[in-house]
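Enquirer: no letters, just coordinates:
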């Protein structure tokens, strides 16, 4: 079974699908090793880890796809990739989808913001006309050409256009061929309940620590009727605090001796699979191979 088909089965299962966010290959491997069934590549996280910049539309399609490819190649679980707006018009969306299918991506998010976009929990967002994004979703459905790639249509219309407009957009995107609807940044529980009751297609939640949406547990979201949830920045925020702490300790003391909140060398070797590479090297070392 390919990963796109596997992702569809996970979405259709009775329990909520929880996807932690990965900002690089190592974080994706750690998420898989923790036992999660799928992983999400956060555009916010990729912008921060690749370029050290905020999520304001400066990361290009090529830069994003390069990092997504490395993550897909490194893990065996389905990868859902944040593809921002598709990086242009409907024709750009066709190419973006075709590239993602070729890389083995299981699902993608396409949002209706005006490019250059911004993180969904930042101020100053603008959205394109509903009719334009409908065509982009139709183009995405066309471009997957029978592949099971899951298309997640995101609307950022709540802030600039109002909650009712966001619901209308979600319904239009569902009719256009989206498999999952993502209404970004609902501001209270009542809005979240309306989101989950407004669509026949599965619905998607985004839990950002410190964001605009009430921060709920997976169990609470499942009880509200959500089918998928991402915690896109938890790993990035945790890694940031950890690196700040160890760097501060080293600066202050001149050593990391006594700083215990780190992986050991041998533990890290297991994370990155050094044993497997040692075995492979031995297999093809002169005098060691059996063939």
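Expert: Received the coordinates, thanks. Note that this is a predicted model, so its numbers are computed, not measured.

Enquirer: residue 164 and residue 198, how far apart?
Expert: As for residue 164, its distance to residue 198 is 10 Å (criterion: Cβ to Cβ, to the nearest Å). Placement of C-beta: from N, CA and C, glycine included.

Enquirer: more neighbours: which of the two?
Expert: Ranked by neighbour count (other Cβ atoms under 10 Å), residue 164 and residue 198 place residue 198 first, with 16 against 11.

Enquirer: report pLDDT for the more buried one.
Expert: With respect to pLDDT, residue 198 has a value of 97.

Enquirer: tell me the secondary structure for residue 21?
Expert: What DSSP: H, G, I helix; E, B strand; the rest coil gives for residue 21 is strand.

Enquirer: any idea how far the closest residue to it other than its chain neighbours is from residue 254?
Expert: If the residues on either side of it in the chain are set aside, residue 21 comes closest to residue 232, at 3.3 Å by Cβ to Cβ, 6 or more residues apart in numbering. Residue 232 sits 36 Å away from residue 254, taking Cβ to Cβ as the criterion.

Enquirer: neighbour count winner among those two?
Expert: Between residue 232 and residue 254, counted using other Cβ under 10 Å, residue 232 has the larger neighbour count: 27 against 8.

Enquirer: what segments of this protein are strands?
Expert: Ranges of strands in the chain, per DSSP state E, are 17-22, 39-41, 79-82, 107-111, 150-155, 180-183, 204-206, 228-231.

Enquirer: adjacent strands (with direction) for the fourth one?
Expert: The strands that strand 107-111 pairs with in its sheet are strand 79-82 (parallel), strand 150-155 (parallel) (by DSSP bridges).

Enquirer: okay if I get the ones you listed as CSV plus mean pLDDT and distance to residue 222?
Expert: Below are the strands paired with strand 107-111 laid out as CSV (pLDDT from 0 to 100; distance: least, Cβ to Cβ, whole Å):
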stretch, mean pLDDT, distance to residue 222
strand 79-82, 98, 18
strand 150-155, 98, 18
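
Enquirer: next one: residue 283 from residue 76, what distance?
Expert: 21 Å.
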